[in-house]
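> Give me the fold of what follows.
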Amino acid sequence: MYRRQIAANGGLVTLRRGSGADAPEVTCKARITGYAPQEMVGDVLQGDSKVIFLAEDLGAFPLPIRTRSTDAIWSDGRKMTVQAVDDQTRRVAGELIAYELRVRG
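The predicted model follows:
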């Protein structure tokens, strides 16, 4: 189900750690959406976005995904820093199917 949704509604993004020439990165399909007004609570700010991608698409990217430091999503030439990582909501029978990131930028 997730694979079909991302294939139909997603676009290519790059998850990258750091900025050096040898910085690890992975490019995969992801779905990027904004937050609804009722979701604008806590640390969520206007302009933040959700990025959902399949866990299996990370390949050899070094886990865990880091927040508020060096990990960022690049989409259409735009850099969005990872603010939060949700690796619990999109589990099925305990197996991680997809990550949901809150990004800013």
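> from here on, contacts and neighbour counts on C-alpha atoms
Noted.
> Show me the helices in the chain, by range?
Under the criterion DSSP state H, the chain carries helices at the ranges 2-9.
> Show me where this protein dips below the pLDDT cut-off.
The model of the chain has no residue with pLDDT under 70.
> Kindly recompute the last result at 80.
Judged against pLDDT under 80, the low-scoring parts of the chain cover residues 68-69.
> so where do the strands sit in it?
11-17, 25-34, 49-54, 71-75, 78-86, 91-92, 95-96, 98-104 (DSSP state E).
> Tell me which of those sits most buried.
Among the strands of the chain, the stretch with the highest mean neighbour count (mean count of other Cα atoms under 10 Å) is strand 98-104, at a mean of 22.
> give me the number of residues near residue 42?
The criterion is other Cα atoms under 10 Å. On that basis, residue 42 has 6 neighbouring residues.
> how about the strands of the chain, which one is nearest residue 61?
Minimum separation from residue 61 across those (Cα to Cα) falls at strand 25-34, 6.4 Å.
> Identify the residues contacting the closest residue to residue 16 other than its chain neighbours.
In space, and not counting its chain neighbours, residue 16 is closest to residue 25: 4.2 Å by Cα to Cα, 6 or more residues apart in numbering. Shown here is residue 25, whose contacts under the criterion Cα atoms under 8 Å, 6 or more residues apart in numbering are 14, 15, 16, 17, 61.
> and what of residue 53?
Neighbours of residue 53 in contact, by Cα under 8 Å, 6+ apart: 6, 28, 29, 30, 31, 98, 99, 100.
> show me what contacts the closest residue to it other than its chain neighbours?
Computed as Cα to Cα, 6+ apart, the closest residue to residue 53 that is not its neighbour in sequence is residue 30, at 4.6 Å. Contact partners of residue 30, counting by Cα under 8 Å, 6+ apart, are 6, 10, 11, 12, 13, 51, 52, 53, 54.
> show me what contacts the fifth one?
I take that to be residue 13. Applying Cα under 8 Å, 6+ apart, the residues contacting residue 13 are 27, 28, 29, 30, 73, 74, 75, 76.
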